[in-house]
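Colleague: Got a predicted model here, sequence first, then my questions.
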Amino acid sequence: MYFKKPKFWDNKNLSIFAIILLPFAQIIRVINFLKSLKTPNRFRVPVICVGNIYLGGTGKTPLSVEIFEITKSLGKKPAFVKKFYPFVQDEIEILKTKGEVFLEKNRTKSIKLLEQKGKDIAILDDGYQDLSIFKNLSIVCFNESEGVGNKQIIPAGPLRESLNSLSRADIVFIKGKKNNNFEKELKTFNQNIDIFYFNYEILNKEIIKDKKIIAFAGIGSNNNFFNLLTENNLNIFMTKSFPDHHLYKEKELDDLIKLAKENEALLLTTEKDYNRIKNKYYNNIKSVVTKINIVDKNKFVGVLQKII
């Protein structure tokens, strides 16, 4: 599934395109309701779910990695659970560099395998909409710059389900700066949610800070990546956008490398994109290495300690 997000999804006012697609959104709403009738499976190990409602670009995979690192530092044996989709291999490869990933088409099967192998925490990267699983902690990620878009369910808008589903959440993580109005909007759907913020830190900034950069990306929100580079005062000469989970063709990469050489620029992309590029291009393309910084991290660690 490789697609580019329609611009009308983020219009505050409903566009004609959104209105036309509303009947199809109602089908998704009915499917979500039928899912809610399931009795969730419970497990011996705590299940921490890091998901989203806004489709793509909310930082759930980096946050999953951070939770893995925190719980591991607390003496636990966490592992990742990811539902198998052939088009999200980039995310899986990132998780594999940090810890063991249990990858099945059925998340329940993955968690049972995880238990059998002696792991004591299941971290679901995605799965908030999987109501067949009981979650000990449900986290929903948003991007402050995008908010909730036009508030409509796909395909009329960017939401995977209604914002009323926030009633199932324990915590909301917002990527970006503090936004009291956004917090107030989210709390209208669940007064009891705790809200945390996080931002990205570039770990390899020193080796790219003095370069002229051509940046390219094919992730959930390419602008998030480009804005991160700008916020770090890097010299962005040009940007190129591709659809989410884009599988790069050799001609596309050859053209990018030629463009970079002609302009004496560094070709820079995300870690996710880098995992979708053939090894032979690694000498000509660099990736930004990032980690997330959680605001009020000690408070969040305290929440995790109660769960695990």
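Modeller: In hand now; what should we look at? Numbering: from 1, shown residues only.
Colleague: need the helices for the stretch 201-308 of the chain, in chain order.
Modeller: For the stretch 201-308 of the chain, the helices defined by DSSP state H, counting those that start in this stretch cover 222-231, 250-262, 271-274, 297-307.
Colleague: Packed most tightly, which of these would that be?
Modeller: With neighbours taken as mean count of other Cβ atoms under 10 Å, those reach their highest mean count in helix 271-274, at a mean of 21. For the C-beta atoms, the positions are set from N, CA and C on the backbone; glycine is no exception.
Colleague: Which elements pack onto that helix?
Modeller: helix 89-96, strand 286-287 (3 or more Cβ pairs under 8 Å, 6 or more residues apart in numbering; DSSP states H and E).
Colleague: Show the average pLDDT along that helix.
Modeller: The pLDDT scores in helix 271-274 average 93.
Colleague: Residues touching that helix, excluding its own?
Modeller: For helix 271-274, the external contacting residues (Cβ atoms under 8 Å, 6 or more residues apart in numbering) are 61, 90-91, 94, 216-219, 246, 248, 285, 287-290.
Colleague: circling back to that earlier point, will you turn the helices and strands packed on helix 271-274 into a markdown table that also has distance to Asn224, mean neighbour count and mean pLDDT?
Modeller: Formatted as a markdown table, the helices and strands packed on helix 271-274 follow (distance: least, Cβ to Cβ, whole Å; neighbours: other Cβ atoms under 10 Å; pLDDT from 0 to 100):
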| stretch | distance to Asn224 | mean neighbour count | mean pLDDT |
| --- | --- | --- | --- |
| helix 89-96 | 15 | 18 | 86 |
| strand 286-287 | 15 | 17 | 95 |
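Colleague: Now which of the contacts of helix 271-274 would you call buried?
Modeller: Applying 16 or more other Cβ atoms under 10 Å to the contacts of helix 271-274, the neighbour count classes 61, 90-91, 94, 216-219, 246, 248, 285, 287-288, 290 as buried.
Colleague: quick revisit: make TSV from the helices of the stretch 201-308 of the chain and add distance to Lys280 to it.
Modeller: Conversion of these to TSV gives the following (distance: least, Cβ to Cβ, whole Å):
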stretch	distance to Lys280
helix 222-231	23
helix 250-262	9
helix 271-274	13
helix 297-307	40
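Colleague: List the strands paired with the strand ranked longest in the chain, with their directions.
Modeller: Using DSSP state E, we find that the single longest strand of the chain is strand 194-202. If you go by DSSP bridges, strand 194-202 pairs up with strand 171-175 (parallel), strand 290-294 (antiparallel).
Colleague: Need the winner for burial among these.
Modeller: Each of the strands paired with strand 194-202 was assessed for mean neighbour count using mean count of other Cβ under 10 Å. The highest is strand 171-175, with a mean of 23.
Colleague: how about whatever helix or strand comes next after that one: buried residues?
Modeller: Using DSSP states H and E, the next helix or strand after strand 171-175 towards the C-terminus is helix 180-187. Across helix 180-187, burial judged by 16+ other Cβ under 10 Å covers 182, 186.
Colleague: Tell me the helices and strands packed up against helix 180-187.
Modeller: The contact analysis (3+ Cβ pairs under 8 Å, 6+ apart) places helix 180-187 against strand 171-175, strand 194-202.
Colleague: Can I get whichever helix or strand Leu63 is part of in CSV, CA atoms only?
Modeller: In this structure, Leu63 sits in helix 60-73 according to DSSP H and E. C-alpha atoms of helix 60-73 as CSV (Å, rounded to 0.1, in the frame of the first residue of the first chain):
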residue,chain,number,x,y,z
LYS,A,60,4.6,5.4,16.8
THR,A,61,7.6,3.3,15.7
PRO,A,62,10.2,5.6,17.4
LEU,A,63,8.1,5.8,20.5
SER,A,64,7.8,2.0,20.5
VAL,A,65,11.6,1.8,20.4
GLU,A,66,11.9,4.3,23.3
ILE,A,67,9.5,2.2,25.4
PHE,A,68,11.5,-0.9,24.6
GLU,A,69,14.7,0.8,25.8
ILE,A,70,13.0,2.1,29.0
THR,A,71,11.5,-1.2,30.0
LYS,A,72,14.8,-3.0,29.1
SER,A,73,16.7,-0.6,31.4
